[in-house]
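Visitor: model this:
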Amino acid sequence: MEQVGSHVTGVFPGALVGVPWLHATCGVCEFCRSERENLCLAKEFTGYSVDGGYAEAVVARAGYALPLPAGDPAHWAPFLCAGIIGFRALKLALPRARGRIGFFGFGGSAHLALQLASRMGFSTVAYSRTPDHLALAERLGASEVVRTGVPSAPAEPTLDAAVVFAPRGEVVVDALRATKKGGTVSVAAIHLSPIPTLDYDHVLFGERRLVSVEANTREDAREFLELANLYHLESTVTERPLRQANAALLDLKQGRVTGAVVLDCTSP
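Guide: Sure, this is the predicted structure:
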């Protein structure tokens, strides 16, 4: 942090802070007044509705900037968006203690959420069509890995909960099929292709719950960073200069990124 406003307290120049996806909320709508600011009707997002997310410097509101532990900023960057969203999705899906959680799609969000779930004592299963992603999941503590997209016999549901990170509607159906009665499937994707027609009796019946995730609250962010520091979560990061942003997006789409990509906005 280079400068602080005259009325800002508790934060000083030189401190390491992060500016997350949630840039600001209105504070007065029904959602903000009921501790659901992630659903605010007038919320703003860093780098999307507010400039500065892809720049050498950014102006942030003090109440939304997050103090970070010491260390390489590139290490903490994935925690501030992908990590927080994955954490909220995980909280919404958490089953009973020591339950079994499936993670469908293993990228920037899932590789942090799975570590947390594993260290909290849950059994974790990573599902991905990319062998490199599954190898990372195993290294980060997954109890089991499953390669998707290959022929296999239908299996009985074995999961107590699931989180879907892949932006494909058919994966939601796969997650529901793999989840036992009474379990929750949360969808962390911002965009999702159409979900195929559900066979209610075999896919959703049995008090299975399907929930979506929208943004996060500041409390989510603070809680997640505290847990990340407590459990020593590690981010797997590939750094690339800002000029390669489009190539990085293409690599993400093609499954060629393991972990997360961090854009260095200071690179020439």
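
Visitor: Could you report the neighbour count for Val57?
Guide: That one is not Val; residue 57 is Ala. Neighbourhood size, Ala57 [other Cβ atoms under 10 Å]: 9. C-beta here means a position set from N, CA and C on the backbone, and glycine is covered the same way.

Visitor: residues near the nearest residue to Leu198 once chain neighbours are set aside, how many?
Guide: Excluding its sequence neighbours, the residue lying closest to Leu198 (Cβ to Cβ, 6 or more residues apart in numbering) is Leu204, at 5.6 Å. Look at Leu204: counted by other Cβ under 10 Å, it has 16 neighbours.

Visitor: is it true that Leu204 touches Val185?
Guide: No - counting by Cβ atoms under 8 Å, Leu204 sits too far from Val185 to count as a contact (9.5 Å).

Visitor: shared neighbours of those two, anything?
Guide: Here Leu204 and Val185 have Leu176, Leu210 as joint contacts, going by Cβ atoms under 8 Å, 6 or more residues apart in numbering.

Visitor: before we move on, the earlier item: what's near enough to touch the residue nearest to Leu198?
Guide: So Leu204 contacts Leu176, Leu198, Leu210 (Cβ under 8 Å, 6+ apart).

Visitor: can I get the CA coordinates of the helix or strand where Trp76 lies in CSV?
Guide: Assigned by DSSP states H and E, Trp76 belongs to helix 73-76. Below are the C-alpha coordinates for helix 73-76, written out as CSV (Å, rounded to 0.1, in the frame of the first residue of the first chain):
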residue,chain,number,x,y,z
PRO,A,73,2.1,-11.1,-3.3
ALA,A,74,1.8,-13.5,-6.2
HIS,A,75,1.3,-16.4,-3.7
TRP,A,76,-1.7,-14.6,-2.2
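
Visitor: where does the nearest residue to Val213 once chain neighbours are set aside fall, phi/psi-wise?
Guide: Nearest residue to Val213, sequence neighbours excluded (Cβ to Cβ, 6+ apart): Ala89, at 4.6 Å. As for Ala89, its main-chain torsions (degrees, to the nearest 10) stand at phi -60, psi -40.

Visitor: what does the one 4 residues further on give?
Guide: Main-chain dihedrals, Ala93, degrees, to the nearest 10: phi -100, psi -10.

Visitor: Longest strand of the protein, counting residues only.
Guide: strand 179-187 (DSSP state E).

Visitor: What are the contacting residues of the helix or strand following that one?
Guide: Of the helices and strands lying after strand 179-187 in sequence (DSSP H and E), the nearest is strand 209-212. Strand 209-212 is touched from outside by Leu92, Ala93, Val172, Leu176, Gly183, Thr184, Val185, Ser186, Val187, Leu204, with contacts defined as Cβ under 8 Å, 6+ apart.

Visitor: Now restrict the residues you listed to buried residues only.
Guide: Buried subset of the contacts of strand 209-212 (neighbour count, 16 or more other Cβ atoms under 10 Å): Leu92, Ala93, Val172, Leu176, Gly183, Thr184, Val185, Ser186, Val187, Leu204.

Visitor: Make JSON lines out of the residues you listed and add pLDDT and distance to Leu16.
Guide: What follows is the buried ones among the contacts of strand 209-212, written out as JSON lines (pLDDT from 0 to 100; distance: Cβ to Cβ, whole Å):
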{"residue": "Leu92", "pLDDT": "97", "distance to Leu16": "29"}
{"residue": "Ala93", "pLDDT": "97", "distance to Leu16": "31"}
{"residue": "Val172", "pLDDT": "97", "distance to Leu16": "38"}
{"residue": "Leu176", "pLDDT": "96", "distance to Leu16": "41"}
{"residue": "Gly183", "pLDDT": "97", "distance to Leu16": "39"}
{"residue": "Thr184", "pLDDT": "97", "distance to Leu16": "35"}
{"residue": "Val185", "pLDDT": "98", "distance to Leu16": "36"}
{"residue": "Ser186", "pLDDT": "98", "distance to Leu16": "31"}
{"residue": "Val187", "pLDDT": "98", "distance to Leu16": "32"}
{"residue": "Leu204", "pLDDT": "95", "distance to Leu16": "45"}
